[in-house]
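S.K.: let's see this in three dimensions:
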Amino acid sequence: MSPLLIIFTAKEEYYHLLWKLVRIWSKVLIYGMGFRLDIQLDQEIKPNRSYMFCPNHASLMDPFVLIVLSKNPIVFVGKQELAKIPIFGFFYKKTVIMVDRNSFKSRKRVYEMAKKRLQNGVSMAIFPEGLVPTEDVVLAPFKKGAFSLAIEFQIPIVPQVYYDCKRFFSWNFLKGGPGVFRIRQHQFISTKELEIKDIETLKQQTFDVICTDLSNDKKYMKDTNKQK
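M.R.: Now for the predicted structure:
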């Protein structure tokens, strides 16, 4: 993929072409590894609209699933540390808005870059847990970043629940195997007329939607309880 990636990451205006390429790549990866997708959409995204995607995070497969779900281009906000990975880091720096959560200057830069991207009808994706929790955790506490950005740019939150990525593609190399990834995209949470003071409320509302859904899923909870 590297020759094509070099071309499509050369200029920002090529990002829509890069997104199409990455979606094809993600589909080949998911289906080629023996996985299938079972998708429930309570509400569908519309073309040329911007959204803030907020899925739970439990597996390396999560970003690829998210990419397949959206025809609209998405820019990820990711950890700066991943830029150190050879080859991958080169393209990562060109496509992802990197953030050092310990640096105010870095967090401010995220806002500036996000504003530029969102003006072009691009959506954003942040795994609000800010980490991949251990397998005995149903859902880790959320960080504020995704919700402050969503309020700042008045874009709806898209809560997504990934039930099976952890079970079939675990961080434990002795676990997992081919199977069906069940995904549910919930009704969007509007940020219209919300202000910065409403961040905590919006964060908790999104957390409750995802956590309740995961907690009610017998397969997910059975696998989580095994790790305790």
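S.K.: so where's this protein shaky on pLDDT?
M.R.: Applying pLDDT under 70 to the chain flags residues 100-108, 119-120, 228.
S.K.: nearest residue to Gly78 other than its sequence neighbours?
M.R.: Nearest non-adjacent residue to Gly78, counting by Cβ to Cβ, 6 or more residues apart in numbering: Val96, 4.5 Å away. Bear in mind the C-beta positions are built from the backbone N, C-alpha and C, glycine included.
S.K.: whoops, I mixed them up, Lys143
M.R.: Excluding the flanking residues, the one nearest Lys143 by Cβ to Cβ, 6+ apart is Gly130, at 4.2 Å.
S.K.: that neighbour against Leu139, yeah?
M.R.: No. With contact defined as Cβ atoms under 8 Å, Gly130 does not reach Leu139; the gap is 11.9 Å.
S.K.: looking at the two, which one has more neighbours?
M.R.: Neighbour count, other Cβ atoms under 10 Å: between Gly130 and Leu139, Leu139 has more, with 21 against 18.
S.K.: thinking the more buried one is in contact with Cys211, fair?
M.R.: Yes. Using Cβ under 8 Å, Leu139 is in contact with Cys211, at 4.6 Å.
S.K.: common neighbours of these two, please.
M.R.: Overlap of the contact sets of Leu139 and Cys211 (by Cβ atoms under 8 Å, 6 or more residues apart in numbering) is empty.
S.K.: show me what the helix or strand Thr206 falls within is packed against.
M.R.: Assigned by DSSP states H and E, Thr206 belongs to helix 199-215. Using 3 or more Cβ pairs under 8 Å, 6 or more residues apart in numbering; DSSP states H and E, the elements in contact with helix 199-215 are strand 52-55, helix 145-153, strand 157-162, helix 218-226.
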